[in-house]
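In: Model the following, please.
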Amino acid sequence: MKKILLLTIILSFGLSVFSQNWYNLKCKATHTEFSMPGKALRSQFSEKGIKTIMYRYSDDIYIYGLIISDFSEQNLDFAKTNPEDYYNAMKETSLAKSGIIVKSEKTIPYQRMLGKEIVYTIIGKRNIEYTYYRRFFFIGSKIYQISFGGPSRKKTKLMNDMNKFFYSFKFNNKQNIKLKQKDSIN
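Out: Residues are numbered from 1 along each chain as shown. Down below sits the predicted model:
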């Protein structure tokens, strides 16, 4: 009887992760579609001719984010240019806060695109360790930074929500590209 009760609790918790009301967002300006578990805050700005749109959502536990930087006014096309210098500059900016410990960094091979991922931790409020995943994709004239993070101690839920968030992305920039679990090297 205890096993049946325990199994019921585990299944109901596991299903609740995927039964949350996630919002599907479509951004025509950046040819992007993705989902978040709440209504994202959207902001945009332009600096030195680089247009940037940001989407951010956070709840009591997790932070979800997308930053899209458009370099089309600089006539930059990442399909014809090595984006490694841009990636390194963005990585340095992401890791500039003191106390960050890089856990891993890897290239994510994905349909003839350069994808990079960094995983890092930081000790936050009340001495709690947080893990953050940041992926960078270089598509056409745009850089997409997809970020997710939360308490390291909630590893299973952290990984479930991260996967759901990351794999909800569709990039519709000249081609319909959708992240799939088999394309990741997690």
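
In: What segments of the chain are strands?
Out: For the chain, applying DSSP state E gives strands covering 23-27, 32-36, 41-47, 50-58, 63-70, 101-110, 113-123, 129-139, 142-151, 170-171, 177-178.

In: Now mean neighbour count, distance to residue 161 and mean pLDDT too, for the ones you listed, in JSON lines please.
Out: Every residue, glycine included, has its C-beta placed from N, CA and C. JSON lines is the format used below for these (neighbours: other CB atoms under 10 Å; distance: least, CB to CB, whole Å; pLDDT from 0 to 100):
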{"stretch": "strand 23-27", "mean neighbour count": "13", "distance to residue 161": "14", "mean pLDDT": "84"}
{"stretch": "strand 32-36", "mean neighbour count": "21", "distance to residue 161": "10", "mean pLDDT": "87"}
{"stretch": "strand 41-47", "mean neighbour count": "10", "distance to residue 161": "18", "mean pLDDT": "92"}
{"stretch": "strand 50-58", "mean neighbour count": "17", "distance to residue 161": "11", "mean pLDDT": "92"}
{"stretch": "strand 63-70", "mean neighbour count": "20", "distance to residue 161": "8", "mean pLDDT": "93"}
{"stretch": "strand 101-110", "mean neighbour count": "13", "distance to residue 161": "18", "mean pLDDT": "87"}
{"stretch": "strand 113-123", "mean neighbour count": "19", "distance to residue 161": "15", "mean pLDDT": "88"}
{"stretch": "strand 129-139", "mean neighbour count": "21", "distance to residue 161": "11", "mean pLDDT": "93"}
{"stretch": "strand 142-151", "mean neighbour count": "21", "distance to residue 161": "7", "mean pLDDT": "93"}
{"stretch": "strand 170-171", "mean neighbour count": "20", "distance to residue 161": "18", "mean pLDDT": "80"}
{"stretch": "strand 177-178", "mean neighbour count": "16", "distance to residue 161": "18", "mean pLDDT": "45"}
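
In: Residue 80 is nearest to which of those strands?
Out: strand 129-139 (11.0 Å; CB to CB).

In: ok, and what's touching the closest one?
Out: For strand 129-139, contacts defined as CB atoms under 8 Å, 6 or more residues apart in numbering pick out 63, 78, 83, 86-87, 90-91, 94, 103, 108, 110, 113-124, 143-153, 158, 162, 166, 171, 173, 177.
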